[in-house]
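In: please work out how this folds:
(chains A, B, C and D)
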There are 2 protein chains.
Amino acid sequence: MIRKYPFDDDLLENLPLPTASFFVLFALADADKHGYRIMQDIRELSGGTVSLGPATLYTTIRKLSDQGLISETSESSGDERRRIYALTSGGRRLLGAEFHRQQQLLDLARRMKVLKIGEQK
Amino acid sequence: MIRKYPFDDDLLENLPLPTASFFVLFALADADKHGYRIMQDIRELSGGTVSLGPATLYTTIRKLSDQGLISETSESSGDERRRIYALTSGGRRLLGAEFHRQQQLLDLARRMKVLKIGEQK
DNA sequence: CTTGACTCTATCCGTTTTAGATATATCATG
DNA sequence: CATGATATATCTAAAACGGATAGAGTCAAG
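Out: All right, here's what the predicted structure looks like:
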């Protein structure tokens, strides 16, 4: 059987990611962060179109943590309240799979000519 | 104020689209279709990762219809049971805005180097 | 100092979105 | 005419999401 990309089946089964989960993983991709910072960065990453409230944020963080996709680090930053999270290798792989799925879909849309080729400007 | 893309604000406020809504609009982008066909095409478009059950499908169709993003056409096809839907101009514009949002995000991920540039193979 | 704005985590509660099961009827094929 | 795919639809429950609220720690300005 031909596989275009080396993903486990159980990885694929988690796709597509819910919006909140996707953005939390995305926000953690470049650095370890605490919840409030994740919230701010998501707003910026998304150009303001996505902003999680505290309920969605902390609920999602707990869920991802339970699933082993992110983990709390032991490093302490100035502010003692902060709980800092990092992507696990599984989380990073899942995020990569989601990016890949999205790009595949956009490429397909272009081939179908339902998405104007450049779409830029 | 500088706008990168000429979208209404109220259009932006509907983004990101829920997965089911996005895929229904996407499936209707190349041709008018009835519900059952939309369901089949979504499974194919998504490479099997997304398959809506009847509940999600028809609930979503009704919602999009109420919002004026799709509309039932009057054309009849052989099978009398079929109710055929088409994208409205608003629906097409919203779909375009969603595609644009997704591509922007993927481009950003590449610039941040959290998405390996080719990701191919 | 202290006051007020911001930071930070957290939960309550309701709404929206999604999924499985089920129902009912029509169509196509052998 | 029977069997399986087609086709629409709803019931019920779970998952995802968002606003409101809470409480405590930080920090800068006066």
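In: any low-confidence regions in chain A?
Out: A:1-9, A:117-121 (pLDDT under 70).
In: what's the longest helix in it?
Out: helix A:89-111 (DSSP state H).
In: can I get the CA coordinates of that one in CSV?
Out: The C-alpha trace of helix A:89-111 is given here as CSV (Å, rounded to 0.1, in the frame of the first residue of the first chain):
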residue,chain,number,x,y,z
SER,A,89,7.1,14.8,20.4
GLY,A,90,3.7,13.4,19.8
GLY,A,91,2.2,16.9,19.9
ARG,A,92,4.7,18.1,17.4
ARG,A,93,4.0,15.2,15.1
LEU,A,94,0.3,15.7,15.3
LEU,A,95,0.7,19.4,14.5
GLY,A,96,2.8,18.6,11.5
ALA,A,97,0.1,16.1,10.3
GLU,A,98,-2.5,18.8,10.7
PHE,A,99,-0.5,21.3,8.7
HIS,A,100,0.1,18.7,6.1
ARG,A,101,-3.6,17.9,5.8
GLN,A,102,-4.5,21.6,5.5
GLN,A,103,-1.9,22.2,2.8
GLN,A,104,-3.1,19.1,0.8
LEU,A,105,-6.6,20.5,0.9
LEU,A,106,-5.5,23.9,-0.3
ASP,A,107,-3.5,22.3,-3.1
LEU,A,108,-6.6,20.3,-4.1
ALA,A,109,-8.7,23.4,-4.1
ARG,A,110,-6.3,25.0,-6.5
ARG,A,111,-6.2,22.0,-8.8
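In: contacting residues around that helix?
Out: Helix A:89-111 has contacts (CB atoms under 8 Å, 6 or more residues apart in numbering or on different chains) with A:5, A:7, A:11-12, A:14-17, A:22, A:25-26, A:28-29, A:64, A:68-70, A:87, A:115, A:117, B:26, B:29, B:45-47, B:49, B:99, B:102-103, B:105-106, B:109, B:114-116, B:119. Placement of C-beta: from N, CA and C, glycine included.
In: let's see 6 Å
Out: A:7, A:11, A:15, A:17, A:22, A:25, A:68-70, A:115, A:117, B:99, B:102-103, B:106, B:109, B:115, B:119 (CB atoms under 6 Å, 6 or more residues apart in numbering or on different chains).
In: run a quick neighbour tally on residue A:13.
Out: By other CB atoms under 10 Å in any protein chain shown, 9 other residues sit near residue A:13.
In: so which bits of chain A are right by DNA strand D?
Out: A:18-21, A:50, A:52-56, A:59-60, A:63, A:78-81 (CB under 7 Å from any atom of the strand).
In: if we can go back for a sec, just the ones of the contacts of helix A:89-111 in helices?
Out: Among those, DSSP H puts A:11, A:22, A:25, B:99, B:102-103, B:106, B:109 in helices.
In: would you say residue A:77 is within a strand?
Out: No. Secondary structure of residue A:77 (DSSP: H, G, I helix; E, B strand; the rest coil): coil, not part of a strand.
In: and the ones in helices among the contacts of helix A:89-111, which is closest to DNA strand C?
Out: residue A:22 (12.5 Å; CB to the nearest atom of the strand).
In: residue of chain A nearest DNA strand D, please.
Out: Closest point on chain A to DNA strand D, by CB to the nearest atom of the strand, is residue A:55, at 2.3 Å.
In: packing partners for the helix or strand harbouring that residue?
Out: Assigned by DSSP states H and E, residue A:55 belongs to helix A:54-66. Applying 3 or more CB pairs under 6 Å, 6 or more residues apart in numbering or on different chains; DSSP states H and E, we find helix A:54-66 packed against helix A:19-27, helix A:35-45.
In: let's see it at 10 Å
Out: The contact analysis (3 or more CB pairs under 10 Å, 6 or more residues apart in numbering or on different chains; DSSP states H and E) places helix A:54-66 against helix A:19-27, helix A:35-45, strand A:70-72, strand A:84-87, helix A:89-111.
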